[in-house]
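Novice: build me a model from this:
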Amino acid sequence: MSSEKKIVLLIEDEPALQEAVKMKLEKEGVEVLVAGTGEKGLQILGEKKPNLVWLDVLLPGINGLEVLRRIREDEKSKDLPVVIVSVSSGEGKIKQAFTMNIIDYIIKSEYTLDNIVKKVKDILSQLP
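Specialist: Numbering: from 1, shown residues only. The predicted structure follows:
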């Protein structure tokens, strides 16, 4: 990984999970921007350029798939790497997300938090 600090935008509405993920990634030297809603996540994207977006599907207000659609429609963020981390495991949602060019779709119940953070770190290390 380059010496430049990687930035992850964490769009997740569960405060305990937000805090745990932020703590674990920061311990690994990653800067974490936190948004509890899709709207807030999009607002942050308008101001900052993260290396990766960690996106939950089930969010208050606009859901994660709508956030993803808006990210892909915006010229500035259309190629931004996005990983969906969600409890939502519906095949239709997963297929829809992959049609919008995501890197991975991680179902929360199938991994420990440490494993998810490791996957995200691995993805970050492969980004330019």
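
Novice: residue 116 and residue 38: what is the separation?
Specialist: Using C-beta to C-beta, to the nearest Å, we find residue 116 at a distance of 20 Å from residue 38. For every residue, glycine as well, the C-beta is placed using N, CA and C.

Novice: where does this protein have low pLDDT?
Specialist: 1-3 (pLDDT under 70).

Novice: just checking: what are the partner strands of whichever helix or strand residue 9 is part of?
Specialist: Residue 9 belongs to strand 7-11 when assigned by DSSP states H and E. Sheet pairing here is set by DSSP bridges, and for strand 7-11 it gives strand 31-35 (parallel), strand 52-55 (parallel).

Novice: how far away from the center of its chain is the last one?
Specialist: The chain centroid and the centroid of strand 52-55 are separated by 2 Å under C-alpha atoms, centre = their mean, to the nearest Å.

Novice: mind checking what helix or strand follows that strand in sequence?
Specialist: Taking DSSP H and E, what comes next after strand 52-55 is helix 64-73.

Novice: between residue 116 and residue 38, tell me which one has more neighbours.
Specialist: Counted by other C-beta atoms under 10 Å, residue 116 and residue 38 do not tie: residue 38 has more neighbours, with 25 against 21.

Novice: and that one, what does it touch?
Specialist: 11, 59, 61-64, 66-67 (C-beta atoms under 8 Å, 6 or more residues apart in numbering).

Novice: could you check the angle the strand holding residue 9 makes with helix 64-73?
Specialist: 140 degrees (axes from the mean of the first three to the mean of the last three C-alpha atoms, to 10 degrees).

Novice: so what's the residue most central in space within the chain bridging to?
Specialist: The residue lying closest to the centre of the chain (C-alpha atoms, centre = their mean) is residue 54, at 0.9 Å. On the basis of DSSP bridges, residue 54 is bridged to residue 10, residue 83.
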